[in-house]
Each structure stands twice: as C-alpha cells, then as structure tokens.
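**Q** Prediction below, plus the sequence it came from.
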Amino acid sequence: MLASPGGGRHHRRMRLAVTATRLLIRLGAWLPLRALHALGGGIGWLAGAVSTREHRVAHGNVARCFPELGRDARRALVRETLREAGRGLTELAAIWGRRPASTLRLIRSVEGVEHLDAGLARGRGVIVAAPHLGCWELLNLWLATRAPLSILYRAPVREVFEPLLVEARTRNGVEALRAEPAAVRKLVRRLAEGRMVGILPDQRARHGEGLPSTFFGQPTRTMTLLSRLAARTGAAVVIAWAERLPRGGGYAIHLAPASPEVASEDLDAAVHALDRDLEAAVRRAPAQYQWTYKRFGFWTSGMPAPVDD
C-alpha cells in the first residue's frame, strides 16, 4: 500500500524536528549552565503567563496536593514549578550535549552514597527508584560511574525521537531497555549479576501494570514492577534524585534507602510504601517535581478539574 502524501510530509517534518533538536543541543552545550537555567526559567515564566496546558495541569495538581498551603503560596509554587520545568528542558543541552566527564563536573555534592554502596556489596543488585524530580538524566550518568547500570524507558509518543533518546541515555555504558516483556526478564538477569537497575516509578501505570495507591493524599495507580523485582531478587532499593542548585550552581545527588515494605510480597502494601518514600523525596524540593504530568486519578475519573480558591 502506498503511503499518503500527507503521511510523508508529516514524517519529513518529524525528521526535521529531530535534526533541529540535535542542533539545538549541540549549540546549547557551549553555554554555561547558569545561562541555560536562566533561559529555561524564562520559558517557564512564559508558560505560566500564557496559561499553557502545563500551567493548568500544574495548577490543578498543586491545588489538590498542597491544601495546607494558602492560595498565594500555592500559586508561587506553581510559578516556580514551571520555571523548574523550563530549566529541566534547557539543561539537556549540558547533560546530553557535553562529554560525560564534563557533565559530571557539575555535581557539587553527593548525600547518602553509602546506601548505594552497601546495596551493591550484598551482591544481589540494586534497584534505583528515581522519581521525576530534579535532573534524572544527570542521575543516570552519575550512577553509571558506580556500577553497571540498566534503565527502563517508555518509547516517546513521537517514536522518531526514540533513537535520539536512546543515544543520549546510553552514554557511560548505560544499557537502555524499552519497557516490554522481554526487558523485564533482562532486568531480573541484571540484578542477579549484581548490577544496578534504574526505574522511574511514578509514571501513570497502564492497565494491568499497577495497583491503586495514594500520592500526596490523591488517588493514583502505581506500578508493581519495582516491588515485584525487589521481592523476587532480593535486590536493595534506593530512592535517588539530582537536585538542581540555585542560579545554575550545579547539582546535588541525594540517595536514601527505601522502606523495607517496598519489597513486600503484599503488592498493595508495597506500592503504598513506595509512594510514601517518593513523597518524602519530593517534599524536599517540591518545585522540582514534574507537577505538569497528569498522574492522578482525578484527571481521568470524570471529577471536575481541580481549581484553586
């Protein structure tokens, strides 16, 4: 069957978009991190000023998840969330566009590395639970300096960008596995070899892949994969994130042991424990969390959209 002319034009546009993205990353890599973060902060400010989808979603999530804050404090958190989201976008030029050794020099401190090292020393592997908090792309690079690392990822909506994503994430010897059944079997083998496995555990679980849970007191579905892997392999579980420091000052890596219940064979208890651990990490730097993502059940339950006072 012949492809439609419209489909061909769309594919060409997508390929041009990938080429333009690669070029922007290479050009942006020459800029200091402070300049990249200033640019990203401006993009985030603009996203709030024109009331983009990201602004509306962040506003709804913050209104529901931080009822203890006053209206002005919640609005300030939304504004800073959008600025941090912009910084997360523009900093990719530094994270993906520079040599790994140069990028790693942006790390100013590491807190809790003893928890990671203790887990590796047990020889059963380590599962790194990295929420969408701070700069998780930099975290991958740093983790790969401690031990062999395999990460699980979902294919982007626009699959033409997948090669770029995989190329960027497999530097420093990182193994990137697409989230498919075969990948789970590989993760089990990697943990049996004493390696590290990195998972972003706070993505909205697809049908059959998660259980009901609560995050910041709000209904959600949380993946069971991480807990099932931990229970099956005996691997240690570590919560990790890379904090963005003020004014382009670099990054601070934070690591903490997960609660033992995260590896429980009672999956209902396990996913609730995982969400409690993730929430504790997010509360340390709430503006750096991806509040622009529709993870919560109230976005798909037919309930009215969350609003502020």
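**A** Nice, I can see it.
**Q** burial count for Ala252?
**A** A count of neighbours around Ala252, defined by other Cβ atoms under 10 Å, yields 17. Using the backbone N, CA and C atoms, a C-beta is placed for each residue, glycine as well.
**Q** Go ahead and confirm it touches Leu245.
**A** Yes - taking contacts as Cβ atoms under 8 Å, Ala252 lies within contact range of Leu245: 6.1 Å.
**Q** Find residues that contact each of the two.
**A** Arg108 (Cβ atoms under 8 Å, 6 or more residues apart in numbering).
**Q** residue ranges with poor pLDDT in the chain?
**A** Along the chain, the parts satisfying pLDDT under 70 run over 1-7, 299-309.
**Q** could you redo the last one with a cut-off of 80?
**A** 1-11, 156-157, 206-207, 297-309 (pLDDT under 80).
**Q** Tell me which residue is most central in it.
**A** For the chain, the residue nearest the mean C-alpha position is His132 (2.9 Å; Cα atoms, centre = their mean).
**Q** That one contacts Thr292, correct?
**A** No - His132 is not in contact with Thr292 according to Cβ under 8 Å; the separation is 9.5 Å.
**Q** Now do the buried residues in stretch 285-297.
**A** 285-293, 295-297 (16 or more other Cβ atoms under 10 Å).
**Q** can you redo those residues as JSON lines with distance to Ala179 and secondary structure?
**A** Listed next are the buried residues of stretch 285-297 as JSON lines, based on distance: Cβ to Cβ, whole Å; DSSP: H, G, I helix; E, B strand; the rest coil:
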{"residue": "Ala285", "distance to Ala179": "27", "secondary structure": "coil"}
{"residue": "Pro286", "distance to Ala179": "27", "secondary structure": "helix"}
{"residue": "Ala287", "distance to Ala179": "28", "secondary structure": "helix"}
{"residue": "Gln288", "distance to Ala179": "24", "secondary structure": "helix"}
{"residue": "Tyr289", "distance to Ala179": "21", "secondary structure": "strand"}
{"residue": "Gln290", "distance to Ala179": "18", "secondary structure": "coil"}
{"residue": "Trp291", "distance to Ala179": "23", "secondary structure": "coil"}
{"residue": "Thr292", "distance to Ala179": "21", "secondary structure": "coil"}
{"residue": "Tyr293", "distance to Ala179": "16", "secondary structure": "coil"}
{"residue": "Arg295", "distance to Ala179": "16", "secondary structure": "coil"}
{"residue": "Phe296", "distance to Ala179": "21", "secondary structure": "coil"}
{"residue": "Gly297", "distance to Ala179": "21", "secondary structure": "helix"}
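**Q** With distance to Ala29 as added columns, please give those residues in CSV.
**A** Converted to CSV, those look like this (distance: Cβ to Cβ, whole Å):
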residue, distance to Ala29
Ala285, 25
Pro286, 29
Ala287, 25
Gln288, 22
Tyr289, 26
Gln290, 23
Trp291, 28
Thr292, 25
Tyr293, 27
Arg295, 31
Phe296, 35
Gly297, 40
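**Q** Perfect, I'm done here.
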